[in-house]
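Engineer: generate coordinates for the sequence data below:
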Amino acid sequence: MNFDKRIKVVLAKPGLDGHDQGAKVVARALMDAGFEVIYTGLRQTPEAIVRISLDEDADVIALSSMAGSHLPICGKLKPLLEQAGLGDKLWIIGGNLPAQDHDALRALGFKGIFPSSSRFEDIVNFIRKHAP
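Structural biologist: As a prediction, the model looks like this:
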């Protein structure tokens, strides 16, 4: 890893999920930890997430999902990220993520899975350890 360059995180709220307080708090915690954070705002399509991640040259693509649509959205996002050459980036997701969905999310390429109860320190340490 290049220590002269800050880790850049694109934090997106996909789909029709309108709950963004948690995402904003996580964005602030990541900024306080020294990461550069681009928060996309609400209701992003998978295509928009890919475009923003490319435009921003993201190291980490982070999703926040509270509405229960994480599996179909991540299923649509995975091939788009791979086609765009973003398969080597760190993909993480947080929010309302039932334990029974974690294996499916990992199979889709999400290395970091952070349910709503996750600690900021754990998210920050995971990114530092695994970001390309």
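Engineer: just the helices in the protein please.
Structural biologist: For the chain, the helices defined by DSSP state H occupy 21-32, 46-55, 70-83, 102-107, 120-130.
Engineer: just the CA atoms of the first one, as PDB, please.
Structural biologist: Presented in PDB, the C-alpha positions along helix 21-32 are these (Å, rounded to 0.1, in the frame of the first residue of the first chain):
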ATOM      1  CA  GLN A  21     -28.400   8.500   9.500                       C
ATOM      2  CA  GLY A  22     -26.200   5.500  10.200                       C
ATOM      3  CA  ALA A  23     -24.400   5.900   6.900                       C
ATOM      4  CA  LYS A  24     -23.600   9.600   7.700                       C
ATOM      5  CA  VAL A  25     -22.300   8.600  11.200                       C
ATOM      6  CA  VAL A  26     -20.100   5.900   9.600                       C
ATOM      7  CA  ALA A  27     -18.900   8.400   7.000                       C
ATOM      8  CA  ARG A  28     -17.900  10.800   9.800                       C
ATOM      9  CA  ALA A  29     -16.100   8.000  11.700                       C
ATOM     10  CA  LEU A  30     -14.100   7.000   8.600                       C
ATOM     11  CA  MET A  31     -13.200  10.600   8.000                       C
ATOM     12  CA  ASP A  32     -12.100  11.000  11.600                       C
END
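Engineer: partner residues bridging Ser65?
Structural biologist: When bridges are called by DSSP bridges, Ser65 pairs up with Gly95.
Engineer: gap between it and Leu97?
Structural biologist: Ser65 sits 7 Å away from Leu97, taking CB to CB, to the nearest Å as the criterion. C-beta: built from backbone N, CA, C; applies to glycine.
Engineer: adding mean pLDDT, mean neighbour count and distance to Arg6, write the helices of the chain out as JSON lines.
Structural biologist: Listed next are the helices of the chain as JSON lines, based on pLDDT from 0 to 100; neighbours: other CB atoms under 10 Å; distance: least, CB to CB, whole Å:
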{"stretch": "helix 21-32", "mean pLDDT": "95", "mean neighbour count": "16", "distance to Arg6": "10"}
{"stretch": "helix 46-55", "mean pLDDT": "98", "mean neighbour count": "18", "distance to Arg6": "16"}
{"stretch": "helix 70-83", "mean pLDDT": "97", "mean neighbour count": "18", "distance to Arg6": "22"}
{"stretch": "helix 102-107", "mean pLDDT": "98", "mean neighbour count": "14", "distance to Arg6": "26"}
{"stretch": "helix 120-130", "mean pLDDT": "98", "mean neighbour count": "15", "distance to Arg6": "11"}
